[in-house]
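In: any chance you can model this:
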Amino acid sequence: MLDLIILSIHFFICFLISVAIWHGAKDVDLQSSSIGTAEMGPDGLIFIGKEEDIKKSRQITAKINGREIVVFYHEGKFHALDSRCYHEGGPLCQGEIEDIDGQACIVCPWHKFKITLETGEGLYEGINPLEPSPTPQWQSKGVKQRIHKLTIDSGSVYVCPPDLSVSFDSDYFAEKYKTGGELAMGK
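Out: The predicted structure is shown next:
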């Protein structure tokens, strides 16, 4: 009986901790990014921001038809992807960029899922149990995160509207947080 009481208290404490973490994540101040409303540019492209401003801040978040994207400037390149992680909707604008197996990846702050900036592939470290001495190696789950094509013209950064005829796992959370406003950027 005592074991059941201890186990119940343990689950209750875990529940309280997860609630505290969930609410705490929404109060984070996003100093390194800003939320902008996109404007239309030439050829149907959507203006995101000035090239120099994004280079200085290293990232910017913007809305395209209500869909939030994050643009990163990393090692001389711009990368744009849905702002919410494909796994559980974590705010990628709060994640850290890491080099994993020679690829720049954003690491989701909620569950540490790794997503390549270049292709949107989800990466995981796995082993082949058939090997005599299995060693962990980085492997791809396939493309999970929607990547947005960027164009730079006269110091302005534009993004192409997404082709929604092709679906990605991140589309679910992009839609879910579309109307969420503050929820979408982790506030």
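In: what number of residues lie near the residue nearest to residue 136 when sequence neighbours are not counted?
Out: Counting by CB to CB, 6 or more residues apart in numbering, residue 136 lies nearest to residue 125, which is 4.5 Å off, once chain neighbours are set aside. From N, CA and C alone the C-beta is placed, and that goes for glycine too. Residue 125 has 12 neighbouring residues, counting by other CB atoms under 10 Å.
In: ok, residue 125 to residue 65 distance?
Out: Using CB to CB, to the nearest Å, we find residue 125 at a distance of 36 Å from residue 65.
In: please identify the buried residues of stretch 97-104?
Out: For stretch 97-104, burial by neighbour count (16 or more other CB atoms under 10 Å) applies to 97, 103-104.
In: need the residues you listed in TSV with pLDDT, secondary structure and distance to residue 86, can you?
Out: Formatted as TSV, the buried residues of stretch 97-104 follow (pLDDT from 0 to 100; DSSP: H, G, I helix; E, B strand; the rest coil; distance: CB to CB, whole Å):
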residue	pLDDT	secondary structure	distance to residue 86
97	97	strand	17
103	96	strand	17
104	97	strand	17
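In: now render those as JSON lines, adding distance to residue 134.
Out: Conversion of the buried residues of stretch 97-104 to JSON lines gives the following (distance: CB to CB, whole Å):
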{"residue": "97", "distance to residue 134": "29"}
{"residue": "103", "distance to residue 134": "22"}
{"residue": "104", "distance to residue 134": "27"}
